[in-house]
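Would you be able to build a 3D model of this:
(2 chains)
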Amino acid sequence: MSIDLKTIKHISKLSRISVEEQKAEKLAGDLNSIFDFIEKLNELKTENVEPLTSIAETTLKLRSDEVKSKNIREQIIKNSPQDNEDYFVVPKVIE
Amino acid sequence: MSDITKKSLSELVKDIKDKKLSSEEVTKAFIERSEKSKELNVYITEDYASALDKAKKFDQKPNLDLKLPGIPMAVKDLFCTKDIKTTAGSKILSNFVPTYESTVTQNIWNEGAILLGKLNCDEFAMGSSNETSFFGNVQNPIDKNLVPGGSSGGSASAVAAQLTPITIGTDTGGSIRQPASFTGTVGLKPTYGSCSRYGIVAFASSLDQAGPMAQNVKDCALLQEVISTFDSKDSTSIDFKRNDYSKKLTNNIKGKKIGIPKEYRIDDMPKEIEELWQNGIQYVKDCGAEIIDISLPHTSYALPTYYIVAPAEASSNLARYDGVKYGFRAKGENLIDMYEKTRSEGFGAEVQRRIMIGTYVLSSGYYDAYYLKAQKVRKLIKNDFDEVYKKVDAILTPSTPSSAFKIGEKKDDPVSMYLNDIFTVPVNLAGLPGISIPAGHDVKGYPLGLQIIGKAFDEQNILNIAYAMEEKIAFKNKITDWWIK
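Predicted coordinates:
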């Protein structure tokens, strides 16, 4: 398989990371060498293997549905790059 | 220079308990040495003034029943520390000040330890040389311009250079054991579910584990018993009976069955690593253990599996960095433009690469071919271990396929960098505990490590084997203090 510049553009859009054109070529080269390495898995037949979905063979514990953190609005907002003390602020999304 | 920083954790604890040393004296000694060691670039954030205050307070009313009474220590900058900047080695979190504390660090402070500062690491723990950190390279105290390994490179260098008596790192594919091996220190990656992941900046959630790093096995055992607790805030934390690992530590490993996996004898492995391994085998035999040849047939598929699973989980975990809720934000013409520029300017090259690999392998049309395939192979790798553990109690391997390399040597070749973790990654994929102990030197005088892999929740057993081997190996780190100013 080969990752071309069109695929880079597609992945860049999906991952919300803009890639400058001059860097796209190098990135495609890096990703191709990594995927060449990953292709080794195709040597194995795995039709009848169950995928590993959880490493710990225990069932997840349930807890009661209680509010434990109260009045932490200030703490949550504290690290936002832009806010109006009550809300996170983002660039305008509705015209 | 004071002799205090030369002492092991166990010696410092004893001296403080016997009132031969105060917490203030100990804390001051480590701060002074750290201040002369700026060239190593191990610290991202120093918290010395507050550490001294805490030490003085401890001395006024010392609680000597604690396990880490007034012991100063620095931690990897991947653990959230309340009101103290936590960056994960990234520009995107370079201004992030957590409003809460990770469970693992809280456990440490509850036992009386005092924070010295936050240690450098690869960005989001993605790297094997500490060269992906936004805050610059870390020097290995073993030699100038040598990488300390990664991602817990700052942690490993800080312990080796005696800037902190002990520390904690995190290990997703080898990030504790590989730098421990490169710096001549001891590093334990516990069983998945042993240490809480709450408050640790997430990389690949099904692989990430916190663990202790120290100068010797006993210190490592003591720190492990402090950090390993069941925690309802981490849904994958496991409620099992945890030992007082340091108290139960014994060098009696008579009759233990130790497996030697033939697949770890890889092509092009340096002769000195093969010799190191043979010496290790001889040491455990001398201790009365039995050596059994074993096979882990899917070993060579572990790295390719890891480079699907880990980026897939990372791409999902790192979706939260959007410039809205916390961290760095770039200016954009609209919301989408802001997201794309924030992530492009905020993440470094390796992190971007991994997010993109992860996004691709999870994307429509490729999920079955890559992600599902990798999960199936991961199952085969785990089955390999389950099978051999019917016959053996532990497995002995080299920790890394080489000693530490020079800064810049592998930076532009991602795949050759990834190969560093060839012996450590299978352990994470199977959720097992593994410990790296220093076991010798190469011709250049750089340290080399051996790894002992255990059954799940059997930390005590691998600590015991490591303890017995440590005594036989009698390793001495060759450190000349070349960086001291």
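
what's the closest non-adjacent residue to whatever residue of the stretch 51-200 of chain B ends up closest to chain A?
The nearest approach of the stretch 51-200 of chain B to chain A comes at B:Thr99, 4.0 Å away (C-beta to the nearest C-beta). (C-beta placed from N, C-alpha, C; glycine too.) Distance criterion C-beta to C-beta, 6 or more residues apart in numbering or on different chains; nearest residue to B:Thr99, sequence neighbours excluded, is A:Gln75 at 4.0 Å.

Thought B:Val97 was touching the one you found, still the case?
No. Judged on C-beta atoms under 8 Å, A:Gln75 makes no contact with B:Val97 at a distance of 10.5 Å.

More neighbours: which of these two?
B:Val97 (15 against 12; other C-beta atoms under 10 Å in any protein chain shown).

contacting residues for that one?
A:Lys78, A:Asn79, B:Asp83, B:Ile84, B:Lys85, B:Thr86 (C-beta atoms under 8 Å, 6 or more residues apart in numbering or on different chains).

Just the buried ones among those residues, please.
In terms of neighbour count (16 or more other C-beta atoms under 10 Å in any protein chain shown), the buried residues within the contacts of B:Val97 are A:Asn79, B:Ile84, B:Lys85, B:Thr86.

Would you map the strands across chain A?
Using DSSP state E, no strands are found in chain A.

residue closest to the middle of it?
Computing the C-alpha centroid of chain A and ranking residues by C-alpha atoms, centre = their mean puts A:Ser15 first, at 6.9 Å.

B:Ala55: neighbour count?
Neighbours of B:Ala55 (other C-beta under 10 Å): 21.

correction: B:Phe96
Per other C-beta under 10 Å, the neighbour tally for B:Phe96 reads 18.

what's the answer for B:Lys411, then?
17.

ditto for B:Asp413
12.

ok, it to A:Phe37 distance?
In this view, B:Asp413 and A:Phe37 are 11 Å apart by C-beta to C-beta, to the nearest Å.

Ok, B:Ile4 next?
Distance from B:Ile4 to A:Phe37, by C-beta to C-beta: 47 Å.

more crowded one of the two?
Set B:Ile4 next to A:Phe37 and count neighbours by other C-beta under 10 Å: B:Ile4 wins out with 20 against 16.

pLDDT wise, what is the more buried one at?
Note for B:Ile4: predicted pLDDT of 97.

and if you look at B:Met1?
pLDDT at B:Met1 comes out at 48.

And for the one 10 residues further on?
Looking at B:Glu11, its pLDDT stands at 97.

Ok, B:Leu380 next?
Looking at B:Leu380, its pLDDT reads 98.

And B:Pro270, by the same measure?
89.

what helices or strands is the host helix or strand of B:Val104 leaning on?
Using DSSP states H and E, B:Val104 maps to helix B:103-110. In terms of contacts (3 or more C-beta pairs under 8 Å, 6 or more residues apart in numbering or on different chains; DSSP states H and E), helix B:103-110 is packed against strand B:72-76, strand B:166-171, helix B:217-227.

The last one vs strand B:72-76, what angle?
What it means is helix B:217-227. Orientation check (axes from the mean of the first three to the mean of the last three C-alpha atoms, to 10 degrees): helix B:217-227 against strand B:72-76 gives 70 degrees.

next SSE after helix B:217-227?
The element immediately downstream of helix B:217-227 (helix or strand, assigned by DSSP H and E) is strand B:257-261.

In that next one, which residues are buried?
B:Ile258, B:Gly259, B:Ile260, B:Pro261.

Can I get the longest helix belonging to chain A in CSV, CA atoms only?
For chain A, the longest helix by residue count, based on DSSP state H, is helix A:21-38. Only the C-alpha atoms of helix A:21-38 are listed here, as CSV (Å, rounded to 0.1, in the frame of the first residue of the first chain):
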residue,chain,number,x,y,z
GLU,A,21,2.2,21.5,1.4
GLN,A,22,6.0,21.5,1.8
LYS,A,23,5.7,19.2,4.8
ALA,A,24,3.2,16.8,3.3
GLU,A,25,5.7,15.0,1.1
LYS,A,26,8.1,14.2,4.1
LEU,A,27,5.1,13.1,6.1
ALA,A,28,3.9,10.8,3.4
GLY,A,29,7.4,9.2,3.2
ASP,A,30,7.4,8.7,7.0
LEU,A,31,4.0,7.2,7.1
ASN,A,32,4.8,4.9,4.2
SER,A,33,7.9,3.5,6.0
ILE,A,34,5.8,2.9,9.1
PHE,A,35,3.0,1.2,7.2
ASP,A,36,5.5,-1.0,5.4
PHE,A,37,6.6,-2.1,8.8
ILE,A,38,3.0,-2.7,10.0
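
which residues sit against the worst-scoring helix or strand of chain B on mean pLDDT?
Lowest mean confidence among the helices and strands of chain B (mean pLDDT, DSSP states H and E): helix B:414-418, at a mean of 86. Outside helix B:414-418, the residues that touch it by C-beta under 8 Å, 6+ apart are A:30, A:33-34, A:37, B:127-129, B:303, B:307, B:350, B:353, B:410-411.

How about stretch B:47-61?
B:22-24, B:26-28, B:31, B:34-35, B:69-70, B:72, B:84, B:112, B:114-118.

Check which residues of that stretch are buried.
Within stretch B:47-61, the residues scored as buried using 16+ other C-beta under 10 Å are B:Asp47, B:Tyr48, B:Ala51, B:Leu52, B:Lys54, B:Ala55, B:Phe58, B:Asp59.

Give the residue spans of chain A that score low on pLDDT.
A:1, A:57-58 (pLDDT under 70).

Quick one: name the residues of the stretch 201-350 of chain B near chain A.
B:206, B:232, B:235-236, B:238-239, B:298, B:300-301, B:303-305, B:307-308, B:315, B:322-329, B:332-341, B:343-344, B:347 (C-beta under 8 Å from any C-beta of the partner chain).

Among those, name the buried ones.
Using 16+ other C-beta under 10 Å, the buried ones in these are B:206, B:236, B:238, B:298, B:301, B:303-305, B:307-308, B:315, B:322-324, B:326-329, B:332, B:338-341, B:343-344, B:347.

can you tell me which of these are in helices?
Short answer: those in helices (DSSP H) are B:Leu303, B:Pro304, B:Thr305, B:Tyr307, B:Ile308, B:Ser315, B:Met338, B:Tyr339, B:Glu340, B:Lys341, B:Arg343, B:Ser344.

quick one: secondary structure of B:Leu68?
coil (DSSP: H, G, I helix; E, B strand; the rest coil).

Now do it: how many residues are near it, please.
B:Leu68 has 24 nearby residues by other C-beta under 10 Å.

need the contact list for it.
B:Leu9, B:Val13, B:Ile108, B:Glu111, B:Gly112, B:Ala113, B:Leu222, B:Leu223, B:Val226.

tell me the angle of the helix or strand where B:Pro311 lies relative to helix A:21-38?
Per DSSP H and E, B:Pro311 falls inside helix B:302-317. Angular relation of helix B:302-317 and helix A:21-38 on a 0 to 180 degree scale: 140 degrees, by the same axes, to 10 degrees.

So which residue is smack in the middle of chain B?
What sits nearest the mean C-alpha location of chain B, by C-alpha atoms, centre = their mean, is B:Ile176, with 2.1 Å.

Relative to A:Leu41, which of the helices and strands packed on helix B:103-110 is closest?
Closest of those to A:Leu41 is strand B:166-171, at 23.1 Å (criterion: C-beta to C-beta).

got the CA coordinates for the closest one in CSV?
In CSV, the C-alpha atoms belonging to strand B:166-171 read as follows (Å, rounded to 0.1, in the frame of the first residue of the first chain):
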residue,chain,number,x,y,z
ILE,B,166,13.6,8.0,43.4
THR,B,167,11.0,8.9,40.8
ILE,B,168,8.0,7.7,38.9
GLY,B,169,7.6,7.3,35.2
THR,B,170,5.0,5.8,32.9
ASP,B,171,5.4,2.9,30.5
